[in-house]
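A.B. asks: dropping the sequence and predicted coords here.
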Amino acid sequence: MPKVSSKENKNIYFRKREELKLTRDQASELLEVISPERIEKIENERVEPHPDEILIMAEKYKAPELSNYYCANQCPIGKKYVPEIKMQDLSQIVLRMLSSLNSVQDNQREFINITADGIIDDEELEDFIGIQEELEKIANTVKALQLWSEQMMANGEINVDKYNEIKGKR
């Protein structure tokens, strides 16, 4: 069993490796193309990880949230456009989705009135922003559902082949 570090403020990559009870050498063997020294530098934030390294970690550690974390917090483009999505239970995701959909449904007429003329004037701006925020919640909830399904596939709780077969037919 690997020795557990007593370091405070471990980054997500460090914590995930330790959750798997892997030494850096064992992690390097699992990851195949990332050396123990490189892992140590990434975990101690002495170097920024490369996107391909994160993809490998996410796959081999069975932790798709690592990709989202990287995009939302470390990628220069992603920092601007990708929200960080936290892992949630399916029931939480569904309830959030229903709540947001109900809110948008309640504001549907207002949304139509605001946007019908193609202009959003100062009096309409506050309501428009509120509706836009609800739509962003829906988008983030969809991303949370996608992350949840990726985690279930990585864990073997959803049949990946069947999932891809069905998605391919659509």
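C.D. replies: Noted; the coordinates are in hand.

A.B. asks: contacts only, for the closest residue in space to residue 14 that isn't next to it in sequence.
C.D. replies: Nearest non-adjacent residue to residue 14, counting by Cβ to Cβ, 6 or more residues apart in numbering: residue 43, 3.9 Å away. In this view, the C-beta of every residue, glycine as well, is placed from N, C-alpha and C. Counting by Cβ atoms under 8 Å, 6 or more residues apart in numbering, residue 43 touches 10, 11, 13, 14, 17, 24.

A.B. asks: those residues into CSV, with extra columns for secondary structure, distance to residue 115 and pLDDT?
C.D. replies: Output for these, formatted as CSV (DSSP: H, G, I helix; E, B strand; the rest coil; distance: Cβ to Cβ, whole Å; pLDDT from 0 to 100):
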residue, secondary structure, distance to residue 115, pLDDT
10, coil, 46, 96
11, coil, 42, 97
13, helix, 43, 98
14, helix, 47, 98
17, helix, 48, 98
24, helix, 54, 98
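
A.B. asks: mind listing what's buried in the lengthiest helix in the chain?
C.D. replies: Identified as the longest helix of the chain according to DSSP state H is helix 122-154. Within helix 122-154, the residues that count as buried by 16 or more other Cβ atoms under 10 Å are 128, 131, 134, 137-138, 140-141, 143-145, 147-154.

A.B. asks: so after that helix, what's the next helix or strand?
C.D. replies: Under the assignment DSSP states H and E, the closest C-terminal helix or strand after helix 122-154 is helix 160-169.

A.B. asks: SS state for the residue most central in space within the chain?
C.D. replies: Closest residue to the average C-alpha location of the chain: residue 68 at 3.5 Å, with Cα atoms, centre = their mean. Secondary structure for residue 68, judged by DSSP: H, G, I helix; E, B strand; the rest coil, is helix.

A.B. asks: the residue of the chain positioned farthest from its centre: which element?
C.D. replies: Computed with Cα atoms, centre = their mean, the residue of the chain farthest from its C-alpha average is residue 117, at 36.2 Å. Of the helices and strands defined by DSSP H and E, none includes residue 117.

A.B. asks: who's in contact with it?
C.D. replies: Contacts of residue 117 (Cβ under 8 Å, 6+ apart): none.

A.B. asks: do the same with residue 103
C.D. replies: Here residue 103 is in contact with residue 134 (Cβ under 8 Å, 6+ apart).

A.B. asks: pLDDT weak spots in the protein?
C.D. replies: Residue ranges of the chain with pLDDT under 70: 1-6.
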